[in-house]
Structures are given as structure tokens and as C-alpha cells.
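> Requesting a structural model of the entry that follows:
(one chain, ligands or ions: 1)
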Amino acid sequence: MIKINQLKKSYPGFDLNVSMNIKKGLVTGLIGKNGSGKSTIYKSILDLIQIDDGSITILNKDKDDLSIEDKNKIGIVLSDSFYSSYLTIKDLKKILKASYLSFDDSYFTSKVNLYQLPWDKQIRSFSFGMKSKLKIICALSHNAQLLLLDEPTLGLDVIARDEILDLLREFMEKDENHTILISSHISNDLEHLCDYVYMIDDGNILLEEEMDALLSCYGILKVDNKQMKEMDLSYILRKKKEVFGYTLLTNQKQFYLENYPDIVIENNNIDEFIYMMIKGVKV
Ligand SMILES: Nc1ncnc2c1ncn2[C@@H]1O[C@H](COP(=O)(O)OP(=O)(O)OP(=O)(O)O)[C@@H](O)[C@H]1O
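Numbering: from 1, shown residues only. Sure thing, here's the model as predicted:
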């Protein structure tokens with residue numbers, strides 16, 4: 001659905017250099033801490049900034065060759081932009097109707113009513129959560145095939161986050177070709193939604209993996225110095241020195257469970273994997 005080949009973009013003190021393949025029918029997550037380059041990737045895909053090098057194809061076309069019909073197939077949520085905050089939802093609906101050939105009035109109306117968003121108040125008076133829901137509803141209301149969502153759950157409480165994730169699941173269930181690229185620095189959000197994940201740090205992809213493999217095959221091991229000396233490190237991706245010995249990241253948890261029953265393998269989460277990929281040393 002989207003192929004990013006050797007995309008390069010530099011700002012003073014920051015160099016982005018990534019290749020990604022966003023597959024049709026899947027939810028792909030982009031996880032990275034603040035300033036890691038997530039928004040720069042979205043802006044590059046959407047042609048909002050000039051890239052320094054590389055190529056990006058969307059819907060099998062170069063990003064510069066997309067037609068109006070192609071653009072209609074893309075739903076967008078950007079973290080730092082939206083329609084004018086002086087508009088009401090009533091105004092917004094008129095704009096969306098005029099902008100998108102395939103605007104789905106009844107979907108838009110039903111979701112605005114479901115989330116009890118006021119039709120006649122200016123958007124600037126909305127809470128953060130209300131604005132976030134409205135952004136997603138807009139992105140979903142013109143029968144898009146592809147959703148590009150940059151931090152759509154940023155700053156939301158757990159309930160509002162779940163409501164947004166539900167809307168996204170509903171979108172994926174509607175059509176097997178539906179595709180999402182979603183970024184977040186809260187890996188918990190992505191854990192339950194994504195099929196595939198890219199971890200980015202300081203402008204580079206640190207790790208890409210199927211979510212199932214990440215959850216079932218990756219693990220964090222805690223070993224003392226003696227265990228470290230004696231063990232097979234073939235499947236260790238990163239090590240980090242600790243007071244007690246070492247913390248290790250593996251992508252073959254089962255191997256260590258079977259061969260080293262004495263080693264502690266912690267119940268872990270994706271945040272710890274990211275932490276180890278960033279702070280750990282390659283083995
Ligand atoms: N227009 C710009 N001019 C100069 N530097 C920029 C510009 N836009 C982004 N940067 C820098 O590029 C780096 C990556 O920024 P980017 O917004 O892509 O990160 P991010 O992962 O989306 O972060 P966040 O989660 O905080 O939104 C940062 O160091 C940022 O300061």
C-alpha cells in the first residue's frame with residue numbers, strides 16, 4: 001500500500017533515514033519516543049515537506065502522481081493540524097461534503113451523535129478528547145481505504161483511547177483491503193491493534209517485526225555474570241550491564257526457556273524491548 005525507499009530528511013541535529021513497507025490489509029504501527037521522526041515520516045508521505053532523497057509510493061503510484069480520486073482514498077489524522085477551530089461540526093460537515101467525492105453523511109452524523117459531540121459549538125471549545133474523536137470521525141467518513149494516523153490517541157484518557165481504537169477496529173473489519181499506518185509513543189495502544197510494527201529512534205528504524213512474533217518470541221532475560229559467561233548468546237539482540245549481571249533481549253525466548261531453565265525470563269512488554277533496543281549494546 002505504501003513503500004518508502006531510503007527516505008532521507010535532515011534538520012539541524014536530526015537525520016531521518018528509513019525504508020518501510022506498509023502492507024495492504026494490515027495495521028502497521030510506528031513506535032518511537034518524542035522527536036524520533038514519526039511526524040516527519042507522515043509529512044513526507046503526504047508531501048507536506050520536501051524530502052532530501054528517496055522515493056515513496058502510495059497505492060502503487062509515486063506520491064507526486066496521486067489523483068484527486070486517489071487522495072480521497074486516504075484518511076488522515078495529523079497530530080498538529082486540523083480544520084479551523086472557529087468552525088462548528090455543522091460547518092465542517094459542509095466542507096467535508098464539498099471536499100470528498102465519497103463523503104458518507106450518515107456515517108459522519110451517526111458517529112458525531114454516538115460520541116455526543118455538539119453540532120453548533122466552535123471546535124475551539126471542545127476538550128482534547130472531543131477534538132481527537134472528531135479528527136478520527138472525519139478521517140473515517142469518506143470511505144478511505146488507507147488511514148494515516150499520527151498519534152491519534154495522544155493525551156487521551158483510557159476510555160477515550162479505547163473508543164478511538166474501537167473505531168479503528170471497526171474500520172479494519174469492514175473490508176479486508178483496509179490499511180492503517182498508526183504512530184504512538186504508547187506501545188500499549190498498538191499492542192492490541194497492530195499486525196506489524198516498526199520501532200524508530202533518532203531517525204532510524206531499530207526493529208521491524210510482526211506483532212505476534214514480538215509478543216511470543218521476544219523476551220527479557222536477567223542473568224548473573226557466571227550465567228552470562230556460560231550461555232549461548234546466538235539469539236541475544238542486545239545486552240545491558242546491571243549491578244546483578246546483565247539484562248538481555250532475545251528474539252528466541254523459547255530457546256532460552258528450554259535450554260536454561262534457571263534463567264529468569266521476565267513477563268515483559270514492548271516498552272522494555274524498545275528500551276533495550278535503544279539503551280542496550282549489540283551482542
Ligand atoms: N520544521 C522543522 N525544523 C527543524 N527541525 C524540525 C522540524 N520538524 C521536525 N524537526 C525535528 O526533527 C526531529 C523529529 O521530529 P518529529 O516531529 O518527526 O518527531 P516525532 O517522533 O513525531 O515526535 P513527537 O512524538 O514529539 O511528535 C525533531 O528533532 C524535531 O525537532
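> So, low pLDDT: which residues of the stretch 151-283 of the chain?
Counting by pLDDT under 70, the stretch 151-283 of the chain shows low-confidence ranges at 267.
> Strands along that one, start to end?
179-184, 196-201, 204-210, 219-223, 236-241, 246-250, 264-266, 281-282 (DSSP state E, counting those that start in this stretch).
> Would you point to the one among these that's packed deepest?
Of the strands of the stretch 151-283 of the chain, the one with the most neighbours on average (mean count of other Cβ atoms under 10 Å) is strand 179-184, at a mean of 25. Placement of C-beta: from N, CA and C, glycine included.
> Which neighbouring elements make contact with that one?
strand 27-31, helix 38-45, strand 146-150, helix 158-174 (3 or more Cβ pairs under 8 Å, 6 or more residues apart in numbering; DSSP states H and E).
> can you redo the ones you listed as a markdown table with distance to Leu206 and mean neighbour count?
Formatted as a markdown table, these follow (distance: least, Cβ to Cβ, whole Å; neighbours: other Cβ atoms under 10 Å):
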| stretch | distance to Leu206 | mean neighbour count |
| --- | --- | --- |
| strand 27-31 | 9 | 25 |
| helix 38-45 | 13 | 22 |
| strand 146-150 | 19 | 23 |
| helix 158-174 | 24 | 15 |
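> Could you point out which of these sits nearest the ligand?
Closest approach to the ligand among these (Cβ to the nearest ligand atom): helix 38-45, 3.2 Å.
> Could you dump the strands of the stretch 151-283 of the chain into JSON lines and include distance to Lys97?
JSON lines is the format used below for the strands of the stretch 151-283 of the chain (distance: least, Cβ to Cβ, whole Å):
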{"stretch": "strand 179-184", "distance to Lys97": "24"}
{"stretch": "strand 196-201", "distance to Lys97": "34"}
{"stretch": "strand 204-210", "distance to Lys97": "39"}
{"stretch": "strand 219-223", "distance to Lys97": "51"}
{"stretch": "strand 236-241", "distance to Lys97": "50"}
{"stretch": "strand 246-250", "distance to Lys97": "50"}
{"stretch": "strand 264-266", "distance to Lys97": "52"}
{"stretch": "strand 281-282", "distance to Lys97": "53"}
